[in-house]
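# Build me a model:
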Amino acid sequence: MEIKKSSNANNENLRFPIALMAFLFVGGLVLASFTYKTSLEEDLLAVSGAHSTEIEYILEDAPVEEPKTTVEPEIAPPTAEPIIIIPPNPDPPKSKVILPPPKGPKGPPLPPVTPPEPVDFPDVEAKFPGGAAELQKWIFANVEYPETSIEMEDQGRVFLTFVVETDGSITGVKVTKRVTTELDREAKRVTRHMPKWIPGEVAGKRVRTRCSLPIVFTLK
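This next block holds a predicted model:
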């Protein structure tokens, strides 16, 4: 006779092990979730604690800075003058080099120009403007008798020579016959300050002429 097993009896035997396994699986999940939450909170607390400590350290040691007052720079009012922009010169002007003139061989120095010798006896004699009478008047009006010669009662005739240039000026005044130092000096002074003479002539041309003149000093 064949023995038949009931399907209800088999299901009843497997119910308890399956329930136990489900309970263990759920309990493990719950325990794992609590463990993960705890470690996460500890990490957050550690991080937040470190940040708070650093912030407190900075606040305690950092000096308190006073607020700086910024002074705004004065802005100049715009002017009506146009702005001229000069572009850079890419090619600056080259400086000119001035070369000295070529030096040639120097010739002998030119001899100094010497005036011709004065003529003693020209065709036309040199004369004072107005003649001899005007000459005597001019000398009498311009001569100054030296005080020393008056006190010493010095008097006499001083002879002089001079040259009348082609323009009538007087040069080369010399005393040929002396009286005293004071009278000779005064005679030379008066002769040098005479106005221009009329120059002498030779063959119709003006020439340098040598003339002589006596000046008389007398006490009356």
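# Residue 158 should be in a strand, yeah?
Yes - counting by DSSP: H, G, I helix; E, B strand; the rest coil, one finds residue 158 located in a strand.
# what sits against it?
By Cβ atoms under 8 Å, 6 or more residues apart in numbering, the contact set of residue 158 is 175, 177-179, 183-184, 187, 214-217. C-beta here means a position set from N, CA and C on the backbone, and glycine is covered the same way.
# Give me the pLDDT value at it.
Residue 158 carries a pLDDT score of 96 in this model.
# Any stretches of the chain with poor pLDDT?
Applying pLDDT under 70 to the chain flags the ranges 1-17, 26-27, 30-97, 99, 101-107.
# any chance you could map the helices in it?
Applying DSSP state H to the chain gives helices spanning 7-61, 132-142, 147-151, 181-192.
# helices or strands up against the last one?
What it means is helix 181-192. In terms of contacts (3 or more Cβ pairs under 8 Å, 6 or more residues apart in numbering; DSSP states H and E), helix 181-192 is packed against helix 147-151, strand 156-164, strand 170-177, strand 209-217.
# again, only this time at 10 Å
If contacts are counted by 3 or more Cβ pairs under 10 Å, 6 or more residues apart in numbering; DSSP states H and E, helix 181-192 sits against helix 132-142, helix 147-151, strand 156-164, strand 170-177, strand 209-217.
# just to revisit the earlier point, between the contacts of residue 158, identify the one with the most neighbours.
Of these, residue 187 is surrounded by the most neighbours, 25 neighbours in total, counting by other Cβ atoms under 10 Å.
# if I pick it, what's in contact with it?
139, 143, 157-160, 173, 175, 178-179, 213-217 (Cβ atoms under 10 Å, 6 or more residues apart in numbering).
# how about the nearest residue to it, chain neighbours excluded?
residue 158 (4.0 Å; Cβ to Cβ, 6 or more residues apart in numbering).
# which residues does that neighbour form a beta bridge with?
Residue 158 has the following beta-bridge partners by DSSP bridges: residue 215.
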